[in-house]
Each structure stands twice: as structure tokens, then as C-alpha cells.
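Trainee: Sequence first, then the predicted structure:
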Amino acid sequence: MPRVGVLALQGDVREHERALHSLGVDVARVRTPAQLDAVDALVMPGGESTAIAHLLVSAQLRPAIAARLDEGMPVLGTCAGLILVSREVLDGRVDQWSFEALDVSVRRNGYGRQLASFETTLRVRDVGNVHGVFIRAPKIEKVADDVEVLAKHDHGDGEHAVLVRQGRVWGCAFHPELTDDTRVHRLFVDAI
Ligand code: GLN
């Protein structure tokens with residue numbers, strides 16, 4: 001079994017740990033470059049992308065994670081984590097940066113702000129119906145040709161991808177860690 005790290009600077013860290021534990025995965029919190037060295041893959045949780053980005057710099061994890069991404073470390077970014085791996089961030093703060101490891105454009109809070117958070121049923125390829133919890137979610141507005149779209153959702157303005165994968169980098173606009181359904185985590189873990 002691979003050892004999966006959960007980036008534990010801010011956000012819903014415990015919920016991801018619980019989902020991974022229930023799959024029998026060896027899970028470790030990542031707060032330092034040394035802890036990153038000890039994992040095979042990394043989950044970047046939801047939370048606040050600007051806060052997490054700030055903490056990544058002060059923890060000296062920004063260059064360490066960028067190097068591991070270059071080497072092909074599998075990463076699953078959910079919600080704020082998706083923003084952090086995306087190539088382009090729209091409506092970000094002026095100083096907002098991202099790892100640019102997943103060739104998509106995301107719009108921060110693209111489904112609206114807190115009151116526009118919502119839940120819906122999604123059809124996930126190779127999985128089936130999944131309950132999708134969206135909380136101030138980023139909207140994936142553009143995907144490159146070699147990005148696989150595993151689930152889409154139409155929020156009244158046409159279909160947008162909500163679960164994508166480009167090689168070893170996965171992005172999820174919703175929160176699979178907030179339900180008891182671990183099948184999205186399993187997809188990621190099985191591919192490590
Ligand atoms: N809107 C948040 C951000 O920009 C992401 C929301 C979430 O992760 N639940 O970071």
C-alpha cells in the first residue's frame with residue numbers, strides 16, 4: 001500500500017485522513033519538506049487557497065512540492081487544492097500563485113459565494129453516482145485536450161468538468177471527503 005500524505009496546513013485535513021484510513025491506506029500529515037519526502041502521493045485539501053498558498057511558502061513546501069510534481073508524484077487537489085494545482089486561476093488575488101501542474105483554468109468561487117454552496121448527484125466515470133458537496137467551489141472553465149474529464153455538472157450555465165485527471169495530477173471541485181463514500185479517494189489511490 002502506498003503512503004499517502006495529506007497536506008496539513010489548513011482546511012479539511014481530518015476528513016481526508018478518515019477517508020484514506022478507511023481504505024486501509026498508510027496516511028501521514030505533511031507540514032514540512034521532510035514529511036513530504038516520506039510520502040508517495042499527496043492530497044491537497046479544501047480550505048482557503050490563499051491561506052494555504054501563504055503557509056506553503058512559509059513552510060518551505062512550495063519548492064519541495066513543485067519538485068515532487070516535476071518528478072511525477074501523484075497529487076489529488078480538492079476544492080482549494082484544485083486551485084493550487086491548476087495552471088490558471090481566474091478571479092484570484094493579485095498575488096495568487098499555483099503549481100500549474102494541471103492544465104485547466106479555474107475560477108475561484110465560480111459557483112458563487114457561501115450562500116451558493118450546494119449539493120448534487122454527479123455521475124462519475126467508472127464509479128457511478130456520487131453525492132457532490134460544493135462549498136464556494138472553483139469552477140473549471142477550460143481543460144486542455146489531454147485532461148480526462150471524469151465527471152461534469154451543469155449548474156444552469158452549461159456543463160463544466162468537476163473531476164479531472166491529467167496523468168498523475170487529479171483535481172476535484174467538490175468535497176469527496178465530506179461524505180462516507182470513499183470511491184473518489186479509491187480511484188486516486190488505485191492509480192498511485
Ligand atoms: N473558495 C475557496 C478558495 O478560493 C475554496 C473553497 C473550498 O476549498 N471549500 O480557496
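Mentor: Perfect, I can see it now.
Trainee: Run through the residues that contact the spatially most central residue of the chain.
Mentor: Here the mean C-alpha position of the chain is nearest to the C-alpha of residue 77 (CA atoms, centre = their mean), at a distance of 1.5 Å. Taking CB atoms under 8 Å, 6 or more residues apart in numbering as the criterion, residue 77 is in contact with 43, 44, 83, 84, 85, 86, 102, 169, 170, 171, 172. Just so you know, the C-beta spots here come from the backbone N, C-alpha and C atoms, and that holds for glycine as well.
Trainee: Which ones among those map onto helices?
Mentor: Secondary structure assignment by DSSP state H places 83, 84, 85 of the contacts of residue 77 in helices.
Trainee: and residue 20, that's in a helix?
Mentor: Yes. Secondary structure assignment places residue 20 in a helix (DSSP: H, G, I helix; E, B strand; the rest coil).
Trainee: Distance of the closest residue to it other than its chain neighbours relative to the ligand?
Mentor: Counting by CB to CB, 6 or more residues apart in numbering, residue 27 is the residue found nearest to residue 20 once chain neighbours are left out, at 4.6 Å. According to CB to the nearest ligand atom, to the nearest Å, residue 27 stands 20 Å off from the ligand.
Trainee: what about residue 27, neighbour count?
Mentor: Residue 27: 18 surrounding residues under other CB atoms under 10 Å.
Trainee: do the one 10 residues further on as well
Mentor: A count of nearby residues for residue 37, using other CB under 10 Å, gives 11.
Trainee: what residues are up against it?
Mentor: Residues counted as contacts of residue 37 (CB under 8 Å, 6+ apart) are residue 64.
Trainee: do the same with the one 5 residues further on
Mentor: Going by CB under 8 Å, 6+ apart, residue 42 touches 4, 5, 6, 7, 30, 36, 65, 68, 73, 74, 75, 76.
Trainee: check which helix or strand covers residue 189.
Mentor: helix 183-191 (DSSP states H and E).
Trainee: And for residue 57?
Mentor: Secondary structure assignment for residue 57, by DSSP H and E: helix 49-58.
Trainee: how about that helix: buried residues?
Mentor: Using 16 or more other CB atoms under 10 Å as the test for burial, helix 49-58 gives 49, 50, 52, 53, 55, 56.
Trainee: on that earlier part again, make JSON lines out of the contacts of residue 42 and add neighbour count and distance to the ligand.
Mentor: Rendered in JSON lines, the data for those read as follows (neighbours: other CB atoms under 10 Å; distance: CB to the nearest ligand atom, whole Å):
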{"residue": "4", "neighbour count": "26", "distance to the ligand": "19"}
{"residue": "5", "neighbour count": "27", "distance to the ligand": "18"}
{"residue": "6", "neighbour count": "26", "distance to the ligand": "14"}
{"residue": "7", "neighbour count": "29", "distance to the ligand": "12"}
{"residue": "30", "neighbour count": "25", "distance to the ligand": "17"}
{"residue": "36", "neighbour count": "21", "distance to the ligand": "21"}
{"residue": "65", "neighbour count": "25", "distance to the ligand": "17"}
{"residue": "68", "neighbour count": "23", "distance to the ligand": "22"}
{"residue": "73", "neighbour count": "19", "distance to the ligand": "21"}
{"residue": "74", "neighbour count": "22", "distance to the ligand": "20"}
{"residue": "75", "neighbour count": "25", "distance to the ligand": "15"}
{"residue": "76", "neighbour count": "30", "distance to the ligand": "13"}
